[in-house]
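Undergrad: sequence unavailable; structure follows:
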């Protein structure tokens, strides 16, 4: 059997008097592969750490490190990955040098790597491997410190009834006493204070196999910082419950509470949430700095134009402005930045929040107290009696709050609030789902700001990304644009990022959007209309930051999805309505979900044949309209592109000026834009159908006299009577002859022509 070779064979030259050749051979035969000579000598009690250190110090004239005196603040400047990789413990650092403790002063790779990473001279001190490992745990992963902290805790009692009780079945009578013990109090204080000092927004305490994990959310990303023994889990969670006035005996239902602590004389509010899970209760602590400075819009890191778009929204004196996004996306910060922009001595601003996250002078802030009956709806109802100019509602959660907020906006108040939706367009459908009528939303809404937070590249260590971007991203990135990647340095805790900025999607109301919302259009149609009005998607907002070198492609993909191709060309024609078919196979309006699907005819090689019977060649185009008059304007409204194209060609040959619309909402918009002399209207349209368009036209004085010819595949008597009752001038069933349409137009225009 081959003898074991120790990785630190160089140590043999310094062990004269401690190790005989016979004993060395014996150790080689007993040692496990990979085990160091130093660790073998200590474990076999051949020598102590102090004896080996003394020998090395005398031979190589190196000082022995004093590890108990290590400055704990150095951990934020020396990355853990680097220290653990080379098994060295940082001791002291100045602007010119870094002192490290090592058990191998001949590791030139470690010395060079540390010098390069820290840009300082490296000074070596000696320490035992066990001492270095313990100090690294104390600095970066304080499980060892926690073990010492928890030494005074008694093992919680377990009750076994027939079968082995699960670990969470702990005697609850002892839990409150254990939760008040000094070690547990110190442990909770340590976790919370470290989380606050680490700039974390949330602290997650999660029971798992073998212990309880503690994770901090820093710059939007979770990082595990420690894992404590499972025996300490229940007392620790009970201590947090006591702090936040929760029921420690009830571990079977979720609970919410609040606490207030002070770190470095700075008051901090905590929002605590518990959730029963398979291995015990999970606790999430949201850290709220109530004295944090309210940021300005410019400090949010917005793209040029986004700040101006928000300022234009705030010029409204009434209506609703919504900020949407998931939890932790910076909605409250943006709302307060907006409030900070409009507050003044002559403006009465009242807020209702749960909880009050920022304290602001000059405004009245109301804290929701649900146990006392002060809910969002109740507070908002009372606020409206206080003569406010601007009302900030922390969150619209239910129908009652939404309806009161909408009603307040319709009666002369500017209402700012948040909503949990994925994008700006879905805020409308979310309000409809809650129970607000679509026409009220259309009248009240002034704009929606969808928001996410992206991490900002660390300015100290960011470096140019030399690789080409993936194929699916190249169409978004102009050729020659420099991109950057996250490298990692002590300033950013080796993450490559430090700080965050906002990316926005600003949907501003327009006449077209108002009509679409009132008609109950889907979110994608609303987004398309917003796109035509100049709205940029979240992806485009984030991409602009990436192209300016402020963040990375990886971070953009973490925050938002790549938009589908059809979203990039939202201005183009929408796909045919699913209920539409070609030729005579048409879906019947109002058919129930159980009705059999309408047959779909195969596409015809010649689109004319499905709808017209051409008995003769069309006449050559006229230079003017009928009777020598100027050409009349015709609006064609049909969602079938092929039919609309054919009708347009025929009517233009007859001397008409033709404008097209694909759906009812677009038709009403074109009526306002073009002012047609006559409208050819299909009844079966997506979204707002022909009946709705006809009703809108006849209800408005400006459009009540425009003649309308109705096209439909449903040529029964009841349908014909209905369209005439709604105010149609003529009725034409499909399929029809080509010349029949021209004749109907001539006849209707002749009847409407003034004599």
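TA: Thanks, I have the structure now. Source: prediction; values computed, not measured.

Undergrad: ok, then the element right after the helix-or-strand element of the chain with minimal mean pLDDT?
TA: Taking mean pLDDT, DSSP states H and E as the measure, the chain has helix 608-611 as its least confident helix or strand, at a mean of 42. The helix or strand immediately downstream of helix 608-611 is strand 633-637, counting by DSSP states H and E.

Undergrad: strand partners (parallel or antiparallel) of that following strand?
TA: Strand 633-637 has the following sheet partners, assigned by DSSP bridges: strand 657-661 (parallel), strand 678-682 (parallel).

Undergrad: reformat those as CSV; add mean pLDDT.
TA: Formatted as CSV, the strands paired with strand 633-637 follow (pLDDT from 0 to 100):
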stretch, mean pLDDT
strand 657-661, 91
strand 678-682, 90
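
Undergrad: for these, which one ends up most surrounded?
TA: Among those, strand 678-682 has the highest mean neighbour count (mean count of other C-beta atoms under 10 Å), at a mean of 25. In this view, the C-beta of every residue, glycine as well, is placed from N, C-alpha and C.

Undergrad: where does pLDDT dip in the stretch 251-400 of the chain?
TA: By pLDDT under 70, the low-scoring segments of the stretch 251-400 of the chain are 289-294.

Undergrad: out of the strands paired with strand 633-637, which gets nearest to residue 500?
TA: Nearest to residue 500, of all these, is strand 657-661, at 43.6 Å by C-beta to C-beta.

Undergrad: how many neighbouring residues does residue 264 have?
TA: Residue 264 has 8 neighbouring residues, counting by other C-beta atoms under 10 Å.

Undergrad: offset the numbering so it begins at 400, please.
TA: Done: numbering now begins at 400, and the last item shifts to residue 663.

Undergrad: you'd agree residue 621 is in a helix?
TA: No: assessed with DSSP: H, G, I helix; E, B strand; the rest coil, residue 621 is strand; it does not lie in a helix.

Undergrad: now the nearest residue to it once chain neighbours are set aside, what's its secondary structure?
TA: Nearest residue to residue 621, sequence neighbours excluded (C-beta to C-beta, 6 or more residues apart in numbering): residue 614, at 4.7 Å. Secondary structure for residue 614, judged by three-state DSSP, is strand.

Undergrad: quick check: bridge partners of residue 614?
TA: Beta-bridge partners for residue 614, by DSSP bridges, are residue 603, residue 623.

Undergrad: you'd agree it is up against residue 622?
TA: Yes: here residue 614 reaches residue 622: they are 6.2 Å apart, a contact under C-beta atoms under 8 Å.

Undergrad: more neighbours: these two, which one.
TA: A count of neighbours by other C-beta under 10 Å puts residue 614 above the other of residue 614 and residue 622, at 20 against 13.

Undergrad: who's in contact with the more buried one?
TA: Residues in contact with residue 614 (C-beta atoms under 8 Å, 6 or more residues apart in numbering) are 602-603, 605, 621-624.

Undergrad: if we go to 7 Å?
TA: Neighbouring residues of residue 614 by C-beta atoms under 7 Å, 6 or more residues apart in numbering: 603, 605, 621-624.

Undergrad: which two among these are spaced furthest apart?
TA: Longest span within the contacts of residue 614, C-beta to C-beta: 605 and 622, 13.0 Å.

Undergrad: follow-up on the earlier one: would CSV of the strands paired with strand 1032-1036 with distance to residue 834 be doable?
TA: Below are the strands paired with strand 1032-1036 laid out as CSV (distance: least, C-beta to C-beta, whole Å):
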stretch, distance to residue 834
strand 1056-1060, 32
strand 1077-1081, 33
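
Undergrad: right, and those - which one's nearest residue 1037?
TA: strand 1077-1081 (4.2 Å).

Undergrad: list the buried ones in the helix or strand following that closest one?
TA: Using DSSP H and E, the helix or strand that directly follows strand 1077-1081 along the chain is helix 1089-1098. Neighbour-count burial for helix 1089-1098 flags 1089-1093, 1095-1097 (criterion: 16 or more other C-beta atoms under 10 Å).

Undergrad: and what of stretch 1108-1120?
TA: Neighbour counts over stretch 1108-1120 (16+ other C-beta under 10 Å) mark 1108-1112, 1118-1119 as buried.

Undergrad: ok, now stretch 637-650?
TA: For stretch 637-650, burial by neighbour count (16+ other C-beta under 10 Å) applies to 637-643, 645, 647, 650.

Undergrad: now, those that are in helices?
TA: In this view, the buried residues of stretch 637-650 that belong to helices under DSSP state H are 637-642.

Undergrad: between these, which is nearest residue 443?
TA: Of these, the one sitting nearest to residue 443 (C-beta to C-beta) turns out to be residue 638, at 43.4 Å.

Undergrad: from residue 425, how far out is the closest one?
TA: Noted for residue 638: a distance of 52 Å to residue 425, by C-beta to C-beta, to the nearest Å.

Undergrad: same check, this time on residue 680
TA: In terms of C-beta to C-beta, residue 680 sits 53 Å off from residue 425.

Undergrad: tell me, how many residues neighbour residue 785?
TA: Residue 785 has 11 nearby residues by other C-beta under 10 Å.

Undergrad: now do the SS call for the nearest residue in space to it that is not next to it in sequence.
TA: With C-beta to C-beta, 6+ apart as the criterion, residue 785 has its nearest non-adjacent residue at 6.0 Å, and that residue is residue 749. With three-state DSSP as the basis, residue 749 sits in strand.

Undergrad: residue 807 versus residue 749, what's the distance?
TA: Taking C-beta to C-beta, one finds residue 749 at 11 Å from residue 807.

Undergrad: pull up the overlap in contacts between these two.
TA: Both residue 749 and residue 807 are in contact with residue 790, where contact means C-beta under 7 Å, 6+ apart.

Undergrad: check contacts around the residue nearest to residue 408 when sequence neighbours are not counted.
TA: Using C-beta to C-beta, 6+ apart and skipping residues adjacent in sequence, the residue nearest residue 408 is residue 436, 6.9 Å away. By C-beta under 7 Å, 6+ apart, the contact set of residue 436 is 405, 407-408, 410.

Undergrad: what about 10 Å?
TA: Taking C-beta atoms under 10 Å, 6 or more residues apart in numbering as the criterion, residue 436 is in contact with 403-411, 414, 418, 423, 426-427, 430, 445, 451.

Undergrad: ok so residue 631 is a helix residue?
TA: Yes: membership of residue 631 in a helix is supported by three-state DSSP.

Undergrad: what number of residues lie near it?
TA: Count around residue 631 with other C-beta under 10 Å applied: 22.

Undergrad: mind listing the strands for the stretch 500-649 of the chain?
TA: Along the stretch 500-649 of the chain, the stretches classed as strands by DSSP state E, counting those that start in this stretch are 520-525, 599-607, 610-617, 620-627.

Undergrad: what is the mean pLDDT for the second one?
TA: To tie it back to what came earlier, the one meant is strand 599-607. Mean per-residue pLDDT for strand 599-607: 91.

Undergrad: quick one: buried residues of it?
TA: 599-606.

Undergrad: relative to strand 610-617, how tilted is that strand?
TA: Orientation check (axes from the mean of the first three to the mean of the last three C-alpha atoms, to 10 degrees): strand 599-607 against strand 610-617 gives 160 degrees.

Undergrad: figure out how far strand 599-607 is from the centre of its chain.
TA: The chain centre lies 19 Å from the centre of strand 599-607; the measure is C-alpha atoms, centre = their mean, to the nearest Å.

Undergrad: can you tell me which helices and strands it packs against?
TA: Helices and strands touching strand 599-607, by 3 or more C-beta pairs under 10 Å, 6 or more residues apart in numbering; DSSP states H and E, are helix 581-596, strand 610-617, strand 620-627, helix 632-642, strand 665-676, strand 679-687.
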